[in-house]
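[1] Provide a 3D model corresponding to the input given below.
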Amino acid sequence: MDLVLARPVTRRHYLLAALLLVLTGAIVLPAAILAGVAAGLASVASVAPGQSWVAYAPAALVQTLLLAAVGGICLLAAVGARRRGPAAGKAVALILVLYWLDFVGPFWDLLAKARWVSLFAYFDPAGAVRGDLSPLYVAILLGVFAVTTGAAFVEFERQDL
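    Numbers count the residues shown, from 1 in each chain. Down below sits the predicted model:
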């Protein structure tokens, strides 16, 4: 990162470019999945009449929000490290722990109370498809993205190279 920042680019522009990349991935990946769902439903239209890809759009929205929140965490981890490897390792380790917490939480009473910490506890694509898109879950995922991204910008501006 130090070599990249040796160029005459402001820190804010550099981090904005990384943020743009995160948001592009968070939007393009669920959109591609939704396009695949639309193509699949179109190919079986005679077998499953009345099924529309539009019903799956809320699930793509929730997935976009989850990916954006994970991207915000990764940005925050990246600005706090000098090298890419340790930053990626910390971010992946944290995401895996959060996923494990959400996966094991319902089966283990000790972890059930701490499940709310996991981002994945607020990721409910099946509920979104049923029409039960929780505004609270949307707000939490957006809030995690906003707070971690804002903290990444503040940390990056204060960081001494």
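[2] next, the buried residues of the least confident helix or strand in the chain by mean pLDDT.
    Using mean pLDDT, DSSP states H and E, the weakest-scoring helix or strand in the chain turns out to be helix 109-112, at a mean of 74. By neighbour count on 16 or more other Cβ atoms under 10 Å, the buried set for helix 109-112 is Leu111. C-betas here are computed from N, CA, C, even on glycine.
[3] ok, now stretch 78-87?
    Ala78, Val79, Ala87.
[4] pLDDT wise, what is the residue with the largest distance to the centre of the chain at?
    Within the chain, the residue lying farthest from the chain centre (Cα atoms, centre = their mean) is Ser46, at 35.3 Å. Here the pLDDT value assigned to Ser46 is 73.
[5] now it, what's its secondary structure?
    coil (DSSP: H, G, I helix; E, B strand; the rest coil).
[6] that older thread, which residues touch the least confident helix or strand of the chain?
    Helix 109-112 is contacted from outside by Leu101, Val104, Gly105, Pro106, using Cβ atoms under 8 Å, 6 or more residues apart in numbering.
[7] surely the last one touches Lys113?
    No: with contact defined as Cβ atoms under 8 Å, Pro106 does not count as touching Lys113 (11.5 Å).
[8] circling back to that earlier point, restricted to helices, list the contacts of helix 109-112.
    Leu101, Val104 (DSSP state H).
[9] export the contacts of helix 109-112 as TSV, with columns for distance to Ile27.
    Putting these into TSV (distance: Cβ to Cβ, whole Å) gives the following:
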residue	distance to Ile27
Leu101	27
Val104	30
Gly105	29
Pro106	30
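[10] sort out which of the contacts of helix 109-112 are buried, if you could.
    So, by 16+ other Cβ under 10 Å, the buried ones in those are Leu101, Gly105.
[11] just put the contacts of helix 109-112 in TSV and tack on distance to Tyr56 and pLDDT.
    Listed next are the contacts of helix 109-112 as TSV, based on distance: Cβ to Cβ, whole Å; pLDDT from 0 to 100:
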residue	distance to Tyr56	pLDDT
Leu101	27	84
Val104	28	82
Gly105	26	76
Pro106	25	76
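[12] of the contacts of helix 109-112, just say which sits nearest to Thr148.
    Proximity of these to Thr148 (Cβ to Cβ) peaks at Leu101, which lies at 17.5 Å.
[13] next up, the contacts around that closest one.
    For Leu101, counting by Cβ under 8 Å, 6+ apart, the contacting residues are Leu111, Ala114, Arg115, Val117, Ser118, Phe120.
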